[in-house]
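Colleague: attaching a predicted model along with its sequence, questions to come.
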2 protein chains.
Amino acid sequence: MKGTLWLIPNTLDDGDLVQSLPATVIEQVKLLRYFIVENEKNARRFLVKAGMKALLNEIELGLLNEHTLAGDLEPLILPILKGTDAGLLSESGCPGIADPGADLIRLGHSSGIRIKPLVGPSSIIMSVMAGGLNGQRFVFHGYLPAKPQERIRKIREIESRSKLNQETQVFIEAPYRNRQMLADLISTLSPDTYLSVSVDLTTETELIKTARVWEWTGFATDLNKRPAVFSILKP
Amino acid sequence: MKGTLWLIPNTLDDGDLVQSLPATVIEQVKLLRYFIVENEKNARRFLVKAGMKALLNEIELGLLNEHTLAGDLEPLILPILKGTDAGLLSESGCPGIADPGADLIRLGHSSGIRIKPLVGPSSIIMSVMAGGLNGQRFVFHGYLPAKPQERIRKIREIESRSKLNQETQVFIEAPYRNRQMLADLISTLSPDTYLSVSVDLTTETELIKTARVWEWTGFATDLNKRPAVFSILKP
């Protein structure tokens, strides 16, 4: 009998697990001895927080990150095919979403492995909830282009799309570029477009603001190096 | 000083809260005495599960559902403006997403109220996680049209869009139409398009299957009256 691939969300803030994961999810994590992770050191820190410090030498970690090739996925799922349960752990938020897990999950499906998602935080869904824009229809774009001109063009394109389809447009940026991203959004979008920004979600410094673009002018808080999710909707 | 509007996710399955909400979220819920809810009876059941049975007669419930008019939102947030914290409770999953809460949340923002999303289950994000399709880019469409011809046209349209943008297309249907929805998807989509279906998430009967459309032919499980989230991606 094949094992199950459990999908384990991680905290957004490096805080305690009880603040981010249901009690039964933490109990399930503690039953596992094989984890597929993006970064070994961070994974061990998570397992210690889950109360597994004494078990660390019994635990096997497989690496799955942006350097993993398609051919490396088979060896990662081999133990599961042989009957071992595995946990796919995200670095932050939900595995398979804006992280390298999706290909492994799809291979799991085609290999007849049961895939079991667990409940936990997602900065995307929390920003859509808290933004108060259209929660009936929304698009997540991942990262916008980094080059200034391409980014401005993309911002214009998704603003048009938000108007045409009345869909909230959600996207992220590397935290060290968030200051520039906010400046570009304010200077590029129409004054009456809604802009929502969720910063440092689940932490003490959490900031969630939704307002028309004209109301953002003069906003003085620096977003530099602070994780943020951006959403726009042109009415 | 104004109160805070806490956004409280609900279980997907009417099960125990410890299976779906982090311990600190349940503790936060227990501190509140004013809740904005879609259905009073279901809300009371949730509060009893949170351990608030003895407090029910101290608790004030405000109703927010599909019959609520724009003018009814002001009275709902008035207690918050006066300093009372409130909990906006979803019937299932996250408030403000595919439910009537978003307008209230936006009014909260424009009234200067702090909006605080809490961690909990979202069938949308869990189906994107577990589906293993593109988790870097996805669209949630809400409900597809109910009329047969319009629905078929919409399925074709979003299949094209998934190919063009390489975005996972996510949508739902009223559970009593899920059998027909699956039949329409199988007969309408290209054989090589990926179709992922997540049924009865977080319950004992949970079923999550991702496969090319041609592999779905002959799939015999009846989805009738079972809550499901559908996703497609044409490679």
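Modeller: Received the coordinates, thanks.
Colleague: list of residues touching the host helix or strand of A:Ile125?
Modeller: Using DSSP states H and E, A:Ile125 falls within helix A:123-131. Helix A:123-131 has contacts (C-beta atoms under 8 Å, 6 or more residues apart in numbering or on different chains) with A:12, A:92-93, A:97-98, A:135, A:138, A:140, A:168, A:170, A:172, A:196, A:198, A:201-202, A:208, A:210, A:227, A:229, A:231, B:7, B:94-97, B:105, B:115-117, B:119, B:122, B:124-125. Yep, even glycine has a C-beta here, placed from its N, CA and C like the rest.
Colleague: show the average pLDDT along the helix or strand just after it.
Modeller: Toward the C-terminus, helix A:123-131 is succeeded by strand A:138-143 as the next helix or strand (DSSP H and E). Taken as a whole, strand A:138-143 has a mean pLDDT of 97.
Colleague: near chain B, anything from strand A:138-143?
Modeller: Yes. Strand A:138-143 lies within reach of chain B by C-beta under 8 Å from any C-beta of the partner chain, at A:Phe138, A:Val139, A:Phe140, A:His141, A:Gly142.
Colleague: farthest pair within those?
Modeller: Using C-beta to C-beta, the residues of strand A:138-143 next to chain B span at most 13.4 Å, a distance reached by A:Phe138 and A:Gly142.
Colleague: those two: which is more packed in?
Modeller: A:Phe138 (29 against 17; other C-beta atoms under 10 Å in any protein chain shown).
Colleague: spatially nearest residue to that one, not counting backbone neighbours?
Modeller: Distance criterion C-beta to C-beta, 6 or more residues apart in numbering or on different chains; nearest residue to A:Phe138, sequence neighbours excluded, is A:Thr168 at 3.9 Å.
Colleague: cool, and A:Gly131?
Modeller: A:Ser196 (3.5 Å).
Colleague: and A:Val25, that one's in a helix?
Modeller: Yes. Remark: A:Val25 belongs to a helix, assigned using DSSP: H, G, I helix; E, B strand; the rest coil.
Colleague: any idea how far A:Phe46 is from the nearest residue to it once chain neighbours are set aside?
Modeller: Ranked by C-beta to C-beta, 6+ apart and with sequence neighbours excluded, the top spatial neighbour of A:Val25 is A:Leu118, at 4.7 Å. As judged by C-beta to C-beta, to the nearest Å, A:Leu118 and A:Phe46 stand 13 Å apart.
Colleague: same thing with A:Ile125?
Modeller: Taken as C-beta to C-beta, the span from A:Ile125 to A:Phe46 is 20 Å.
Colleague: check A:Pro175 too.
Modeller: Taking C-beta to C-beta, one finds A:Pro175 at 20 Å from A:Phe46.
Colleague: the more surrounded of those two?
Modeller: Taking other C-beta under 10 Å, A:Pro175 and A:Phe46 do not tie; A:Phe46 has more neighbours (22 against 16).
Colleague: residues in contact with the more buried one?
Modeller: Contacts of A:Phe46 (C-beta under 8 Å, 6+ apart): A:Asn10, A:Leu17, A:Leu89.
Colleague: helix/strand/coil for it?
Modeller: Look at A:Phe46: counting by three-state DSSP, its state is helix.
Colleague: can you pull out the helices in chain A?
Modeller: A:23-31, A:40-49, A:73-81, A:102-110, A:123-131, A:148-165, A:178-188, A:213-216 (DSSP state H).
Colleague: make TSV from those and add mean pLDDT and distance to A:Lys2 to it.
Modeller: Formatted as TSV, the helices of chain A follow (pLDDT from 0 to 100; distance: least, C-beta to C-beta, whole Å):
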stretch	mean pLDDT	distance to A:Lys2
helix A:23-31	98	16
helix A:40-49	97	23
helix A:73-81	97	6
helix A:102-110	96	9
helix A:123-131	98	30
helix A:148-165	97	41
helix A:178-188	96	42
helix A:213-216	97	51
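Colleague: deepest-packed of the ones you listed, please.
Modeller: Ranked by mean neighbour count, these are led by helix A:123-131 with a mean of 29 (mean count of other C-beta atoms under 10 Å in any protein chain shown).
Colleague: quick one: that one to helix B:102-110, angle?
Modeller: 80 degrees (axes from the mean of the first three to the mean of the last three C-alpha atoms, to 10 degrees).
Colleague: okay, the angle between helix A:123-131 and strand B:138-143?
Modeller: Computed by the same axes, to 10 degrees, the angle between helix A:123-131 and strand B:138-143 is 50 degrees.
Colleague: so what's the gap between helix A:123-131 and the chain middle?
Modeller: 11 Å (C-alpha atoms, centre = their mean, to the nearest Å).
Colleague: can you check stretch A:165-173 too?
Modeller: On C-alpha atoms, centre = their mean, the centre of stretch A:165-173 falls 15 Å from the chain's centre.
Colleague: buried set for it?
Modeller: Residues A:Asn165, A:Glu167, A:Thr168, A:Gln169, A:Val170, A:Phe171, A:Ile172, A:Glu173 are the ones in stretch A:165-173 that count as buried (16 or more other C-beta atoms under 10 Å in any protein chain shown).
Colleague: and that stretch, how far apart are its ends?
Modeller: 23 Å (C-alpha to C-alpha, to the nearest Å).
Colleague: do stretch A:208-226 as well
Modeller: 13 Å.
Colleague: check which residues of that stretch are buried.
Modeller: A:Ile208, A:Lys209, A:Thr210, A:Ala211, A:Arg212, A:Val213, A:Trp216, A:Leu223, A:Arg226.
Colleague: I'd like the distance between the second one and chain B.
Modeller: So the one you mean is A:Lys209. 7 Å (C-beta to the nearest C-beta, to the nearest Å).
Colleague: same check on the fourth one?
Modeller: Computed as C-beta to the nearest C-beta, the A:Ala211 to chain B distance reads 7 Å.
Colleague: what is that residue paired to in the beta sheet?
Modeller: In this entry, A:Ala211 is beta-bridged to A:Leu195, by DSSP bridges.
Colleague: in contact with it, which residues?
Modeller: A:Tyr194, A:Leu195, B:His109, B:Ser110.
Colleague: count of neighbours near A:Asp192?
Modeller: Counted by other C-beta under 10 Å, the residues lying close to A:Asp192 total 10.
Colleague: tell me if I'm right that it and A:Trp216 touch.
Modeller: No. Shown here, A:Asp192 and A:Trp216 do not form a contact pair, counting by C-beta atoms under 8 Å, at 11.8 Å.
Colleague: now list whatever residues contact both of those two.
Modeller: With C-beta under 8 Å, 6+ apart, A:Asp192 and A:Trp216 have no common neighbours.
Colleague: and A:Asp16, what pLDDT?
Modeller: So, for A:Asp16, pLDDT stands at 95.
Colleague: list the contacts for it?
Modeller: Contacts of A:Asp16 (C-beta under 8 Å, 6+ apart): A:Lys49.
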